[in-house]
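[1] how does the following fold in three dimensions:
(3 chains)
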Amino acid sequence: MSAPTLEVRNLRTHFFTRGGVVKAVDDVSFTVEAGKVMGLVGESGSGKTVTGFSILGLVDAPGRIAGGQILFKGRDLATLPEAEMRGLRGNRIAMIFQDPMMTLNPVLRIDTQMIETVLAHAKVSREEARQRSRDALGQVGIPSPDERLKAYPHQFSGGMRQRVAIAIALLHKPDVIVADEPTTALDVTIQGQILAEAQKLCAQFGTALVWITHDLSVVAGLADDIAVMYAGKVVESGPVTQVLDAPLHPYTLGLIGSVPSRNRRGEPLRQIPGMTPSLLNLPAGCAFRSRCPRAEPGCAEPPPMAEYRPGQHARCIHPHQEAVAA
Amino acid sequence: MSSTTATRVPAAPRVETPFQRFVSEFAASRIALLGLILFLAIVAIAVLAPWIAPQNPYDLAQLDIMDGRMEPGTVGGAGFTYWLGTDDQGRDMLSGIMYGLRISLIVGAGSAIIACLVGASLGMLAAYAGGRTDSLIMRLVDLQLSFPAILAALMILAFLGKGILNVVFALVIVEWAYYARTVRGSALVERRREYIEAAQCLALPTRRIIFRHLLPNCLPPLIVVGTMQVARAIALEATLSFLGLGVPITEPSLGLLISNGYEYMLSGKYWISFYPGIALLVTIVSINLVGDQLRDVLNPRLKR
Amino acid sequence: MTAFLLRRLIQAAAVVLVMSLLVFLGVFAVGDPIEILISPEADQFERERAVKALGLDLPLWQQYLVFLGNALRGDLGRSFVFNEPALKLILERMPATLELAIGATVAALIIGLPLGLYAGLKPNSPVSKGIMATSILGFSLPTFWVGLMLIMVFAVQLGWLPSTGRGETVTILGMRWSFLTSDGIAHLIMPALNLALFKISLVIRLTRAGVRETMLMDYVKFARAKGLSPARVTFVHVFKNILIPVVTVVGLEFGGTIAFSVVTESVFAWPGMGKLIIDSINVLDRPVMVAYLMMIVLLFITINLVVDITYSLLDPRVRLEGKQ
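    Below is the predicted model of the structure:
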């Protein structure tokens, strides 16, 4: 088997602020094969968005990639010169952002924003570029794409804007798409449509999709694999059904328990006590131990990532290896 | 970023009074401190001018017309060195600048204080009365602010004529609106706070609510605006005097000194205009530096 | 758009009316209007004729109506000094002032935008800090003194540029312009730069703040995620967004620039409206002062209107709201 489309190995992205080093991403590893969907799950502040930006080489000062590798078809993106990285960005690796109201430039027409993307990576005529943009809009289900091309972003609804953003991401049929909570800001019905669209297109083009979300129910229906992040670290990873049915890490279990629909009516909703720790001056050891019901003195040592079941890894010294009814 | 400030707060074990904190935060900027020192030095020079100036530039008996238009550094007939040269009347420029600073500062600070009193009262009235009074006052403010200060002042002086009091009056007219807007803005915010409601529920007299509760809270922005307006007033007065509409020739401010040197400049006698200009510049810059830092210290939300 | 324009026009007319009342009261409340509006050298016959023409024998509110009626017909009185209609005098000198103000505005944009852009993109570089420090100086320097220094250095010491006047002019559409001859441009450079001083600082600050704010926007990051070159991101995605506030402020400042040209014109003996008004004030030529004031008010309102329309053309969001 050849190299996977995207392999992130021990990625560390740190922000060197005046108050100290913020380890936003601290040892994150996962692999995505062509045509597969990887769900990157975690609470806000867990480092999932920074992981996404790291893959695209878009981490801004004072942040930088402090260690690890991002292998794209075997090439390490973390050490790639900016000029080469720019050639890949939007071309082989694309990104979809969280808030569609903010991702399109309000003062430029849709056609300007699409055509420039085509021309950035393909030596084609303007007319050809316009043609491709129109086709891409049609692909994501935007009616009368010719007219819509001449419109400004504010003339679109949120769902439509996200479709435009997806169309822009798809322009060069990329090998990897990083989608950062692309449905969070949308209505539930629109969310369903976008999800179905994403799934269809990835299968069609063999795109490796990294789907960043805090919503486990989205991942459950969409992803093949899942990586759960907490305080900058992946605490559990594995095939999505296995992880959701039999979580190893207490945090994953808590996260699953917090999904309201999984609770029985009338019972109080389950929750994880406490809050996510500040990433600045994080104490050594398991970051979750202050909120963990199973915490023990050994948790003060940094727990290693270990494979407890075939393909399912967890960063915990006392995982739920017995079958737990979540 | 927020996490950095969050961790810094408990790191200050010793208890500071608000004033001490204000002083230390202000002094954190070297350049602002320099501005303050410069400004204090300028004020000292202006106040002490009659005692420290080499001559009284308005005592005609001390002037020697033979010493007219002497270059900086030459020794005059009176036996002392004209470090900054002399003007056409044989007046020592250094002494002229020291006395000129007095006029400039008096006009600048005086107009700022009166404008502040007028503007703050009207702004407070607008905020407290609300309704028609408020909209009438604020319309006036808008009108005043939309019209360039230099023109308004020019027209007022055109009709009233020259004179220190007239200049102060004109400056008050063009400046009160800034204070009114500032005070009304912060008073409106404060008015909605619970503690004002509580004070009202206790049936405290209006006067007490305004002076003990509302006004102190409007003070920080008022101080910032006031500092900046003093600099603006000094610059405006200098401009008006340069145009021949400001202070009378008997009480020359820095602007008038510069104006006097205008005609000699074309013949290369630069110092008559140059040095008063430098004095004016240093005065305005030092006030602005202090004002800039005051704004940052007194209102951290209002960062540029 | 039509409704928007109509509403703005009615607002503008209301402001003109209020200002005319203020000017009227300013002239008539301060001292004796006969003293103010009629030349001190006029004989008894002329005085009576003027009193009649101005309706000074009527009650105050009727006098205002007469004043307003005359103003609407373009009659704002006659200059004592030139013995010509005040309005004509001002209109004759308007092109010179407009030329100076436009020159200053263009200079402010040409100099201020690139510097502000640089300072916004590299906020921590020493060059940016230098730019920002200089811009503080630009706010603090007294314009007239800088004008004098410019003359001293470039006209007296170096002899590169002429110190005063407009130089050679070309007449187009009945108005004389300097910017079409090389001599005229040489005369224009220093006054325009002098007048631009404050605006350069303003443009630098606005641009820098705008760039720093826009660079944080998601759509800029998205543009980078599309693999666009830094130049395209900066000049298309960032620049077009910051142009809107900068153009608005510079446009609104245009009225202030014309007002402030009073100072620059006096320093450089530039024969525009500003020099006329200062000369008129010095000889108490009051009809010219009244006419100037009314013209300036009119100019301000026109500028505000034009800026509003330009703004709506630049920002698609505003434009479409107007349509609906």
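
[2] so what's the closest residue to chain C within the stretch 101-250 of chain B up against?
    Minimum separation of the stretch 101-250 of chain B from chain C (CB to the nearest CB) falls at B:Pro148, amounting to 3.7 Å. In short, each C-beta sits where N, CA and C put it, glycine included. B:Pro148 is in contact with C:255-256, C:259-260, counting by CB atoms under 8 Å, 6 or more residues apart in numbering or on different chains.

[3] whichever strand or helix holds A:Val28 and chain B, any residue contact?
    Element membership for A:Val28, per DSSP states H and E: strand A:20-32. Yes. Using CB under 8 Å from any CB of the partner chain, strand A:20-32 reaches chain B at A:20, A:22.

[4] contacting residues around that strand?
    Taking CB under 8 Å, 6+ apart as the rule, strand A:20-32 contacts A:4-15, A:38, A:40, A:47, A:50-51, A:54, A:63, A:68, A:176, A:208-210, A:225, A:227, A:229, A:231-234, A:237, A:279-282, A:305, B:3-4.

[5] in strands, which of the residues you listed appear?
    Residues of those located in strands (DSSP state E): A:6-15, A:38, A:40, A:63, A:68, A:176, A:208-210, A:225, A:227, A:229, A:233-234, A:237.

[6] the residue of the stretch 101-250 of chain B closest to chain C and C:Phe300: what is the separation?
    9 Å (CB to CB, to the nearest Å).

[7] common neighbours of those two, please.
    C:Gly255.

[8] could you pick out the longest helix of the chain?
    All of this refers to chain A. For chain A, the longest helix by residue count, based on DSSP state H, is helix A:188-205.

[9] try again with chain B
    Under DSSP H, chain B gives helix B:93-129 as its longest helix.

[10] does any part of that one sit near chain C?
    No. Helix B:93-129 lies apart from chain C when judged by CB under 8 Å from any CB; the minimum separation is 10.9 Å.

[11] quick check: mean pLDDT of that helix?
    The pLDDT scores in helix B:93-129 average 89.

[12] and it, what other elements does it pack with?
    helix B:30-52, helix B:131-146, helix B:164-191, helix B:215-242, helix B:254-265, helix B:271-298 (3 or more CB pairs under 8 Å, 6 or more residues apart in numbering or on different chains; DSSP states H and E).

[13] closest one to B:Gly110 among the ones you listed?
    helix B:164-191 (5.4 Å; CB to CB).

[14] tell me which residue is most central in chain C.
    Taking CA atoms, centre = their mean as the criterion, C:Ile258 is the residue nearest the geometric centre of chain C, at 2.6 Å.

[15] quick one: that residue from A:Val41, how far?
    From C:Ile258 to A:Val41 the distance is 61 Å (CB to CB).

[16] in PyMOL, select just the buried ones from the ones in strands among the contacts of strand A:20-32.
    Buried members of these, defined by 16 or more other CB atoms under 10 Å in any protein chain shown, are picked up in PyMOL with:
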select buried, chain A and resi 6+7+8+9+11+12+13+14+15+38+40+63+68+176+208+209+210+225+227+229+233+234+237
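
[17] give me the below-cutoff pLDDT ranges for chain B.
    B:1-16, B:63-69, B:76-79, B:299-304 (pLDDT under 70).

[18] show me which residues of it sit near chain C.
    B:143, B:146-148, B:150-151, B:154-155, B:157-160, B:231, B:235, B:238-239, B:242-245, B:255, B:258, B:261-262, B:265-268, B:270, B:273-274, B:277, B:280-281, B:284-285, B:288-289, B:292, B:304.

[19] same thing but at 6 Å, please
    Proximity of chain B to chain C is confined to B:148, B:150-151, B:158-159, B:235, B:238-239, B:242-243, B:258, B:265, B:268, B:270, B:273, B:277, B:280, B:284-285, B:288 under the rule CB under 6 Å from any CB of the partner chain.

[20] out of the residues you listed, which are buried?
    B:148, B:150-151, B:158-159, B:235, B:238-239, B:242-243, B:258, B:265, B:270, B:273, B:277, B:280, B:284-285, B:288.

[21] can you pull out the strands in chain C?
    C:170-172, C:175-177.

[22] out of the ones you listed, flag the one nearest chain A.
    Evaluated with CB to the nearest CB, the strands of chain C place strand C:175-177 nearest to chain A, the distance being 34.3 Å.

[23] and which of the contacts of B:Pro148 is nearest chain B?
    Nearest to chain B among these, with distances taken as CB to the nearest CB, is C:Ala259, at 3.7 Å.

[24] need the per-residue pLDDT for that closest one.
    85.

[25] list of residues touching the helix or strand of chain A with the lowest mean pLDDT?
    Taking mean pLDDT, DSSP states H and E as the measure, the helix or strand of chain A with the lowest value is helix A:188-205, at a mean of 80. By CB atoms under 6 Å, 6 or more residues apart in numbering or on different chains, the residues outside helix A:188-205 that reach it are A:35, A:159, A:173, A:183, A:209, A:222.

[26] which of those residues tops the neighbour count?
    Counting neighbours by other CB atoms under 10 Å in any protein chain shown, A:Leu209 leads these with 27 neighbours.

[27] residue contacts, that residue?
    A:37, A:177, A:202.

[28] nearest residue to C:Gly77 other than its sequence neighbours?
    C:Pro287 (3.1 Å; CB to CB, 6 or more residues apart in numbering or on different chains).

[29] what's near enough to touch the spatially most central residue of chain B?
    Centroid check for chain B by CA atoms, centre = their mean gives B:Val230 as the closest residue, at 1.3 Å. Contacts for B:Val230 (CB under 6 Å, 6+ apart) come out as B:108-109, B:112, B:287.

[30] low-confidence bits of chain A, can you list those?
    Chain A contains residues with pLDDT under 70 at A:1-2, A:261-269, A:281, A:322-326.

[31] so what touches stretch A:4-11?
    Under CB under 6 Å, 6+ apart, the answer for stretch A:4-11 is A:25, A:27-34, A:54, A:68-72, A:175-176, A:208.

[32] check contacts around residue 119.
    You didn't say which chain, so I picked chain A. So A:Leu119 contacts A:Ala129 (CB under 6 Å, 6+ apart).

[33] can you look at chain C instead?
    By CB under 6 Å, 6+ apart, the neighbours of C:Ala119 are C:128, C:131-132, C:208.

[34] thinking again about what came up before, now tabulate the contacts of A:Leu209 in JSON lines and tack on neighbour count and distance to A:Asp111.
    Shown next, in JSON lines, are those (neighbours: other CB atoms under 10 Å in any protein chain shown; distance: CB to CB, whole Å):
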{"residue": "A:Val37", "neighbour count": "24", "distance to A:Asp111": "30"}
{"residue": "A:Ile177", "neighbour count": "24", "distance to A:Asp111": "22"}
{"residue": "A:Cys202", "neighbour count": "21", "distance to A:Asp111": "26"}
